[in-house]
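Engineer: take a look and give me a structure for this.
(chains A and B)
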Amino acid sequence: MSRARWLAVPAVLLATWAYAQSAPPPPAPAGPHPFFAVHKVLTSPRCMNCHPQGDAPLQFDQSKPHAMGISRAIDDVGMSCATCHQVVQYDFPHAPPGAPNWHLPPEDMRMVFEGQTVQSLCEQLRDPAKNGGKTLDEVLHHVSHDPLVLWGWNPGPGRTTPPLSHDTFVGEMKRWVDMQGACPEDTRPFVPAPPMPIAAPAAETPAATDAPATDTPAADTPATDTPATDTPAAQP
Amino acid sequence: MKLRINGKDHDVDADPRTPLLWVLRDHLGLVGTKFGCGMAQCGACTVHLDGVPTRSCVLPAMLAEGKAVTTIEGISDGDTLHPVQQAWVEGSVPQCGYCQSGQIMTTVALLKKKPQPTDEDIDVALSGNLCRCGTYQRIRKAVHRAAEIAQSGPEGTP
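Structural biologist: So this is what the prediction gives:
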């Protein structure tokens, strides 16, 4: 009896050790780090144009400075973005796009997307002092439900959508949030992703031989998470 | 729809999606607000929505319900012109005049926010109001003059 008791002690210890070894490991990204895909969306024109480095919003797929000298300064002279950007999206060409609460980030919380590397944008987005005071769950809720974010996938005629579907984007964001906002090490220079092509009217479609070569990645394909090298990100 | 325009309530029988511009012009006869481009690019249709300049050509009228709409017809005090209107007359600003109600409405909002605007302020505020006659220099001069008029007397507060 006594011998059996002595044998039981190491058996329990062994079982405890074995259980510890079988406990699930900390979450690790399966496949590419999710923030590569998130970065591709946030630096696409529909998102980045209202998160510029300067005071002027950007416009069009070329991300040009807003026409008519529009900048944050309009708030100081009695105007607002809603002067022209109404809460509804119109389907006729050339009208200003519209969505509820059209605005730039505030001057003291600029939340710049333009020019950010994957790593720097990730670090900014997880930091409540730089992301508008949001927890990671609140960031996820924001990109999942905010009408102005959702507008990016319904931007009206003549504007491309982000390179991933909204569902895929939110899924990648959730993977990132599940990783507690861990950021990849990647400081390659920022190169804007090529916009998704817009279907042109048949009469305006150039001949195939005149069309420039494109290596636009397929939609919903996250960017590679190849470690940084001297070579800029593989984007045209 | 119930709309409050220039301090008066109006019952309007129109499709709620009708742009406010056409409710003003066709249903209420307030034709001082002009149709220019129809896509918020020129500023001729500018009115105030709760004091903020707004392009009425792209604003569904239903979105103006519950808000105070002010048009060019509503800024004077009876027969006493608004200081901006006084400055416009004094400086003979309009040429063809088509864009001027929009220019004036934007200027009224500017002076409420910046009673003594700089040239840069004027450029920022009015760069979205286009004038094919090119009266921009007279507009800028008149904005400064309107600021002076508004400062000079109690009745001239914009």
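Engineer: what's the spacing between A:T160 and chain B?
Structural biologist: According to CB to the nearest CB, to the nearest Å, A:T160 stands 20 Å off from chain B. For glycine as for every other residue, the C-beta is placed from the backbone atoms N, C-alpha and C.
Engineer: what's around the residue nearest to B:A147 when sequence neighbours are not counted, how many residues?
Structural biologist: Nearest residue to B:A147 in three dimensions, chain neighbours excluded: B:Q116, at 5.5 Å (CB to CB, 6 or more residues apart in numbering or on different chains). A count of neighbours around B:Q116, defined by other CB atoms under 10 Å in any protein chain shown, yields 11.
Engineer: tell me the secondary structure at B:Q116.
Structural biologist: Following DSSP: H, G, I helix; E, B strand; the rest coil, we place B:Q116 in the coil state.
Engineer: quick one: residues contacting A:R46.
Structural biologist: Counting by CB atoms under 8 Å, 6 or more residues apart in numbering or on different chains, A:R46 touches A:W151, A:G152, A:W153, A:P155, A:R159, A:T160, A:T161, A:P162.
Engineer: I figured the residue nearest to B:A147 hits B:A150, correct?
Structural biologist: No. Contact criterion CB atoms under 8 Å: B:Q116 and B:A150 do not qualify, at 9.5 Å.
Engineer: would you map out the domains in chain B?
Structural biologist: B:2-74, B:83-156 (automatic domain parsing).
Engineer: save those as CSV, and put in mean pLDDT and distance to A:M179 too.
Structural biologist: Shown next, in CSV, are these (pLDDT from 0 to 100; distance: least, CB to CB, whole Å):
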stretch, mean pLDDT, distance to A:M179
domain B:2-74, 96, 42
domain B:83-156, 95, 43
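Engineer: to A:F113, which of those lies closest?
Structural biologist: A:F113 sits nearest to domain B:83-156 of all those, at 24.0 Å, using CB to CB.
Engineer: from the contacts of A:R46, which is closest to chain B?
Structural biologist: Nearest to chain B, judged by CB to the nearest CB, of the contacts of A:R46 is A:R159 at 14.6 Å.
Engineer: that closest one touches A:S63, doesn't it?
Structural biologist: No. In this structure, A:R159 is not within contact of A:S63 by CB under 8 Å, at 11.7 Å.
Engineer: if you count neighbours, what's buried in stretch A:72-88?
Structural biologist: Residues of stretch A:72-88 classed as buried: A:72-75, A:77-86 (neighbour count, 16 or more other CB atoms under 10 Å in any protein chain shown).
Engineer: likewise stretch B:49-66?
Structural biologist: Using 16+ other CB under 10 Å as the test for burial, stretch B:49-66 gives B:49, B:53-64.
Engineer: which of the buried residues of stretch A:72-88 sit farthest apart?
Structural biologist: A:A73 and A:Q86 (21.3 Å).
Engineer: for the domains of chain B, which one sits closest to A:P184?
Structural biologist: Set against A:P184 and scored by CB to CB, those come closest in domain B:83-156, at 40.2 Å.
Engineer: any idea how far that closest one is from the chain center?
Structural biologist: Here the centre of domain B:83-156 is set off from its chain's centre by 10 Å, with CA atoms, centre = their mean, to the nearest Å.
Engineer: I'd say A:P65 and A:L58 touch.
Structural biologist: Yes. Here A:P65 reaches A:L58: they are 6.3 Å apart, a contact under CB under 8 Å.
Engineer: just so I have it, where are all the helices in the chain?
Structural biologist: Using chain A. For chain A, applying DSSP state H gives helices covering A:2-22, A:34-42, A:45-48, A:118-125, A:136-145, A:147-151, A:166-178.
Engineer: oops, chain B please
Structural biologist: B:20-22, B:83-90, B:100-113, B:119-126, B:136-152.
Engineer: can you put those helices in CSV and add mean neighbour count and distance to B:Q41?
Structural biologist: Converted to CSV, the helices of chain B look like this (neighbours: other CB atoms under 10 Å in any protein chain shown; distance: least, CB to CB, whole Å):
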stretch, mean neighbour count, distance to B:Q41
helix B:20-22, 24, 14
helix B:83-90, 21, 23
helix B:100-113, 25, 12
helix B:119-126, 19, 14
helix B:136-152, 19, 17
